[in-house]
Every structure is written in structure tokens, then in C-alpha cells.
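[1] turn this into a model:
(2 chains)
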Amino acid sequence: MFQADPPRGIRGMTETATFTKSEMMIVAAARALEGQHVCFVGVGLPNIAVNLAQRTVAPELEMVYEAGVFGARPSRLPLSIGDPTIVTGSTAVVSMLELFGYYLQGGLIDVGFLGAAQIDRFGNINTTVIGPYDHPTTRLPGSGGACEIAINAREVFVIMRQSRRSFVETIDFRTSPGNLGGAEQSERVRREGGWKGRGPTVVVTDLGIYHFDETGEMRLDSLHPAATLQDARATIGWDLTVAEPPAHTPPPTADELRLIREDLDPAGIYTKS
Amino acid sequence: MTTSRVATMRDAIADLVRDGDTVAIEGFTHLISFAAGHEITRQRKRDLTLARLTPDLIYDQMIAGGVASKLVFSWLGNPGVGGLGAIRRRIEGELPAEPLEIEEYSHFGMVARYTAGAMNLPFFPLRSYFETDLPVANPRIRPVQSPYGEETIYAVPPLKPNVAIVHAQRASAGGDTQVWGLLGCQKEAAFAADRVIVVVEELVDEAVIRADPNRTIIPGLIVDAVVVEPWGAHPSYVQGAYDRDNRFYLDWDPITRDEEAIQAWLREWVYDVADRAAYVEKLGPQRLASLKPGPAPSGSVDYGAYR
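    Below you'll find the model as predicted:
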């Protein structure tokens, strides 16, 4: 925990709240969903961020889970993306064939929200292996639905913690395509291949918020409270592009923190660090 | 009246699962037949190819038990918790005496494979895998050109398991099976398979099935055995009957990190336990009671009587 210094209140609030870097990351990711309609919820951190968004900035958000649920209204934070709470009270439960075939590949998903183990400057994602595929030093979970989400969702948001091991010059395996080798190539391949998706548009980390510039490269646009440019540069494995000047992310409100701590993650599974 | 297909788990596994088979125990976080997985392990089946989108704890346990030589999957992990150590150690080559071959897809790819198997198609096309390393890692993911234009997409081959095992809320003695809650791809896996074992919480009269035919996902027509095994999906869950035992999933994390601990767990909870009833008794009534959800009944519909 650290003290947000100086406190930057929003909506007229001037309280000095303490919060963790993970709480700030989850809040910033949830806020990014304001105005969005249909969101495909990925495993891990996206799950809590999207659930927070539905309780704050996007109450009409239709949450889609790859397990086969459209329009989930979970009454507790789903323990996994296949939790029974995503079924009870939802709009529709469908087979995974329908979910991936009609909803995702059919082009109905506005935002695919993914996590990642490794990401490069163009937003290409690895969740498969560290090291060579045949002799990995670390075997990661693999694609799940991420590969087809990255291709078929209209846009992709990513949430992950920054480190030199995760923000790398070259990812060890490309599980889910981002802006490929840059915007020009990505736009051409997506147009010629008939992809529904335009690729990654937002990356939210524990230090800041990134968008993609005209070359298709990640650009730091907003620093979270107490995070510095030095912190951001020290945890990224390439020469980082920074907005001039970067904005400052408003800290979490009391209401956002209460929702995370009391409703969504009382055990602190996602928010400890 | 149709013939009864009701069998004990011991007989169903002994008769229908053979060494060298491709076996799919499906169920996406919901309705995972741990009871069948444990019986396969207890009977020391060998050289199986295990297929499942999410290997989950059940395949971690079975692979630690030495039943499999190959794993076909799309997402490898302990959902919401962490990793699967027994599988990871064998993939990373830490146990050279027990190598595990893998064949890896995405979720949609695996669902498409079962669907092609069920539909008797030579492949299934999908808009995935473009510009990724997955077709390099798995050359069975191949590009296919549209016969109606220039467009090239990817195809996956059919997956036709020798045996599919599906847990469900209820079935008739003839094997007509009804499910509610997450449907995963159990229907596709069952229709793709040569042999089908259905494991249910409750055996019901055929009239119960016929009163609500929209809920039937698998007809007795393709079912070889119906096993009645209450709590047979524990520690996964059954919508409306019991919740996921999350404590079990959390407790698995330190066990799976340690090969000796996992072997000790298998002795205590699989080899030294006669059957699912004994496992359930060993869990104890307090643990089970803590997993019961409150009620949320569906509305009912009127199908109408037509003369």
C-alpha cells in the first residue's frame, strides 16, 4: 500500500485514499469500458475489471463468457470464468460452439478483454510458453479463447502488470495477434484477411494507461498516482514512447475501492500487491 | 420402455475404456466427472490420449497416476488459482521416465474438432490462428482456401474420441440426458465419440425427460452406460446442486507443485478409496453441506397437449 501523493480527486472529491497498485490498475481498466456495449471477459484480471465496470461506469454492459454465457449478471465475483454465478440470472446460456461461432466469429463482440504473460510494443501477446515451444523453460496456459478473441472482437483491451519479463522486445511465442509488425502491416493483413477486429487499443498496467500510436506502437498516455516515468521505463524492455506530457490517472474513488474490497474481492486475491 | 443402460462406475470403466484409447471427459469448469477420472486411475488404465479443452485438476490427477501418454487441450491451468504441476513437470521434461506428448489448439479449435467429429466432416473451418505461432507448434492446424473465392482461413481435423464421459444433472435409465447451466461442448464430444458414458446426479423416470424435451442434450440412442453417482463432479460443480469446492482448488496448488505430495494424495483419495460413495463419505457431511446453493428455480413453460 502507498499514499497517493498528492491526492488527485475526481468528481469534486478531495479525500486522501490509500490503495494498492493493483486496485488502481483494476479501476483504470474498468473505467476504460465506459460507453462499451458487449465485452468478452478473459481469464484472471479482466474478470474483476469487467465486473467492476458493470457496477460503475457501464451498468448496461453485456458480459460474455467463453464458457457459453451472454448477458451475465453475476451476484458475486466469479471464482473462474465458468462459475455458476455467471449462469443464474443471465440472458442466455449457449453451447461453446454457438458462443464462439455466432457471438464472437459472427462479429457481435465490441471489446475482448485479455490478460497476458508477455506483450511486445505492437500488442502481440504470448500466453503459451517461455523459451522454445518444444523445450519450454515455463509452460504457460496456452490460448484458451484468446487467439480467436484477438482476431474477431472489434477491439482488444489488455490488462497486465508491468515487468521486464512481461513487456519484452520479442515475445517467445505469438499466441494472439496484435498489431503484428506495425500498423501498416496489421491494417493490410486484417483488411485482406477479412478479420472483424482492428486489434489492441488499450493496455492498462499497474503503472499507467497505454494506447497505440499511428505506427501501431504502444504509447504511455497516462501515469497512475505515485508511478513515475522512470518506473515505467525500468519495467519495459524497449525504448518507450511517451505522450508529451503524459496525463495523470485520477485515483480510485471511495466507491470504486469499496466495491472492490467489499463486493468483488474481499479476500484480496487480485488486489494484494 | 427402452433397455436400461444403468451400470456401476467400475463396470462401465472396465467395459468401455481400453488401454490406448482416446478419452474425452468434457465439461467446461461445470460437470467434470472426477468420479470417472478416479475410477480410470484406480483401474490403472494405460497409454490413454486424454482430450479436454481445459485439462483442469482431473487430468492433472490422472496424468500423475500414469494413465496417459498424450494430452490434447486448449487451456492448461487450475482455473482462478494457478498451474497444474503434474502436467507441467512432464511437459517441461522434469520426469524423463514419464514423457507426455501434447497436441495444442485454441478453445474454438477444440470445439470445432468435436463438431467435425460429430458431423462426420473431414475438417472444420474457423477464423482463428492467423499470424500466430500455433500452426507452427501444431502442424495439424492447416490453412484452407474457400472453394468460392480467394479467401484462406484455417481448418482443424475432426476429433473422434473412443470414449466420451459426460456428467449431468439427470438421465433416464435408457440414457436420455438433461443438463442445465453451462453446456460447454459435452454434446459435441458425445456425438463425436464411439462410446458414451453418462454419469448423473439423479436417475429419473422417462416421463420427467419427456415433460421437458428442450433440456435434453444427449439421447439414449448414443449412450452405452448410465452411472448414477451423486457428488460425482466434486470438486467441480453441478448447477443448482452444489457449488465448486474452491477450497479444494486452492489446496491443490501446493499439492500439485510437489510430485511426492500428489502421489500421496492419489493414494489417500483414489487408490485407497473403493469408489465414489466412499470418497463422498470421506469428505464428510459438513464439507458437502457448505457447497449447497440457495434456490433459484426456473419459470416453467407450457409445451401444450396436441391431439
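
[2] so where's chain B shaky on pLDDT?
    By pLDDT under 70, the weakly predicted segments of chain B are B:1.

[3] if we use 80, what do you get?
    Residues of chain B meeting the criterion pLDDT under 80: B:1-2.

[4] what of the stretch 1-150 of chain A?
    A:1-17.

[5] quick one, helices of it?
    Here the stretch 1-150 of chain A has its helices, by DSSP state H, counting those that start in this stretch, at A:21-31, A:45-55, A:96-98, A:146-152.

[6] next one: the stretch 101-250 of chain B
    Ranges of helices within the stretch 101-250 of chain B are B:107-119, B:134-137, B:186-192, B:206-210, B:246-256, based on DSSP H, counting those that start in this stretch.

[7] what residues sit buried inside the longest one?
    Spelled out, that is helix B:107-119. Neighbour counts using 16 or more other C-beta atoms under 10 Å in any protein chain shown place B:His107, B:Phe108, B:Gly109, B:Met110, B:Val111, B:Ala112, B:Arg113, B:Tyr114, B:Thr115, B:Ala116, B:Gly117, B:Ala118 of helix B:107-119 among the buried residues. C-betas here are computed from N, CA, C, even on glycine.

[8] just checking: which of those residues also lie near chain A?
    Filtering the buried residues of helix B:107-119 for proximity to chain A (criterion: C-beta under 8 Å from any C-beta of the partner chain) leaves B:His107, B:Phe108, B:Val111, B:Ala112, B:Thr115.

[9] now the fourth one: closest residue in space, sequence neighbours ignored.
    Just to be clear, that refers to B:Ala112. With sequence-adjacent residues excluded and distances taken as C-beta to C-beta, 6 or more residues apart in numbering or on different chains, B:Ala112 is closest to B:Phe124, at 3.9 Å.

[10] what's the answer for B:Phe34, then?
    B:Ile58 (5.3 Å).

[11] quickly note the distance from that neighbour to A:Gly268.
    Here B:Ile58 is placed at a distance of 28 Å from A:Gly268 (C-beta to C-beta, to the nearest Å).

[12] neighbour count for the two, which is higher?
    Neighbours per residue (other C-beta atoms under 10 Å in any protein chain shown) separate B:Ile58 from A:Gly268, with B:Ile58 holding more: 26 against 13.

[13] now do the contacts for the more buried one.
    By C-beta atoms under 8 Å, 6 or more residues apart in numbering or on different chains, the contact list for B:Ile58 reads B:Ile25, B:Ile32, B:Ser33, B:Phe34, B:Gly37, B:Arg52, B:Ser236.

[14] let's have these in JSON lines, adding secondary structure and neighbour count.
    Formatted as JSON lines, the contacts of B:Ile58 follow (DSSP: H, G, I helix; E, B strand; the rest coil; neighbours: other C-beta atoms under 10 Å in any protein chain shown):
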{"residue": "B:Ile25", "secondary structure": "strand", "neighbour count": "30"}
{"residue": "B:Ile32", "secondary structure": "coil", "neighbour count": "31"}
{"residue": "B:Ser33", "secondary structure": "coil", "neighbour count": "28"}
{"residue": "B:Phe34", "secondary structure": "helix", "neighbour count": "28"}
{"residue": "B:Gly37", "secondary structure": "helix", "neighbour count": "26"}
{"residue": "B:Arg52", "secondary structure": "coil", "neighbour count": "25"}
{"residue": "B:Ser236", "secondary structure": "coil", "neighbour count": "27"}
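
[15] out of those residues, which is nearest to chain A?
    Lowest distance from chain A to those (C-beta to the nearest C-beta) belongs to B:Ser236, with 8.7 Å.

[16] what's that closest one in contact with, if anything?
    By C-beta under 8 Å, 6+ apart, the contact set of B:Ser236 is B:Gly27, B:Thr29, B:His30, B:Leu31, B:Ile32, B:Phe34, B:Asp56, B:Ile58, B:Arg244.

[17] with adjacent residues omitted, what lies nearest to the fourth one?
    Distances taken as C-beta to C-beta, 6+ apart put B:His167 closest to B:Leu31, at 4.2 Å, once the chain neighbours are dropped.

[18] any idea how far the one residue in chain A that gets nearest to chain B is from A:Arg261?
    At 2.6 Å from chain B, A:Gly82 is the closest residue in chain A, using C-beta to the nearest C-beta. Going from A:Gly82 to A:Arg261 by C-beta to C-beta gives 25 Å.

[19] do the same with B:Asp205
    For B:Asp205, the distance to A:Arg261 - C-beta to C-beta - is 49 Å.

[20] which of those two has more neighbours?
    Legend: neighbour count by other C-beta under 10 Å for B:Asp205 and A:Arg261, higher for A:Arg261 (14 against 11).

[21] so that one sits in a helix?
    Yes. Counting by DSSP: H, G, I helix; E, B strand; the rest coil, A:Arg261 is part of a helix.

[22] and the stretch 1-150 of chain A, which residues reach chain B?
    Residues of the stretch 1-150 of chain A lying near chain B (C-beta under 8 Å from any C-beta): A:43-44, A:66-69, A:79-84, A:87-89, A:93-97, A:100-101, A:104-105, A:128, A:133, A:135-148.

[23] in strands, which of the residues you listed appear?
    Applying DSSP state E to the residues of the stretch 1-150 of chain A next to chain B, the entries found in strands are A:Val69, A:Val93, A:Thr138, A:Arg139.

[24] got a PyMOL select line for the buried ones in these?
    Buried subset of these, written as a PyMOL selection, criterion 16+ other C-beta under 10 Å:
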select buried, chain A and resi 69+93+139
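
[25] could the ones in strands among the residues of the stretch 1-150 of chain A next to chain B go into CSV alongside distance to B:Ile153?
    Putting those into CSV (distance: C-beta to C-beta, whole Å) gives the following:
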residue, distance to B:Ile153
A:Val69, 26
A:Val93, 28
A:Thr138, 31
A:Arg139, 28
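
[26] and the furthest pair within the ones in strands among the residues of the stretch 1-150 of chain A next to chain B?
    Spatially, the most separated pair among those is A:Val93 and A:Thr138, at 34.9 Å (C-beta to C-beta).

[27] just give me the neighbour total for B:Ala14.
    Residues contacting B:Ala14 under the criterion other C-beta under 10 Å number 15.

[28] how about the residues of the stretch 1-150 of chain B that lie near chain A?
    B:28-30, B:53-54, B:73-77, B:79-80, B:83, B:88, B:91-93, B:104-108, B:111-112, B:115, B:126-134, B:136-137.

[29] quick one, which of the residues you listed are buried?
    Applying 16+ other C-beta under 10 Å to the residues of the stretch 1-150 of chain B next to chain A flags B:28-30, B:53-54, B:73-77, B:79-80, B:83, B:88, B:91-92, B:104-108, B:111-112, B:115, B:126-134, B:137 as buried.

[30] among those residues, which are in strands?
    B:Phe73, B:Glu104, B:Leu126.

[31] would you turn the residues you listed into a markdown table with distance to A:Leu114?
    Formatted as a markdown table, those follow (distance: C-beta to C-beta, whole Å):
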| residue | distance to A:Leu114 |
| --- | --- |
| B:Phe73 | 19 |
| B:Glu104 | 18 |
| B:Leu126 | 18 |
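
[32] of those residues, just say which sits nearest to chain A.
    Checking those one by one against chain A (C-beta to the nearest C-beta), the nearest turns out to be B:Glu104, at 5.8 Å.

[33] can you name the residues that contact residue 99?
    Here I'm looking at chain A. Here A:Leu99 is in contact with A:Val64, A:Glu66, A:Ala67, A:Gly68, A:Val69, A:Phe70 (criterion: C-beta under 8 Å, 6+ apart).

[34] wait, I meant chain B there
    B:Pro99 neighbours (C-beta under 8 Å, 6+ apart): B:Ser69, B:Arg90, B:Gly93.

[35] show me these that map onto helices.
    Of the positions in the contacts of B:Pro99, B:Arg90 sit in helices, assigned by DSSP state H.

[36] the closest residue to A:Gly178 other than its chain neighbours: what's it in contact with?
    The shortest distance from A:Gly178 to any non-neighbouring residue, by C-beta to C-beta, 6+ apart, is to A:Gly123 (3.0 Å). Going by C-beta under 8 Å, 6+ apart, A:Gly123 touches A:Val156, A:Val158, A:Gly178, A:Asn179, A:Gly199, A:Pro200, A:Val203, A:Phe212, A:Gly216, A:Met218.
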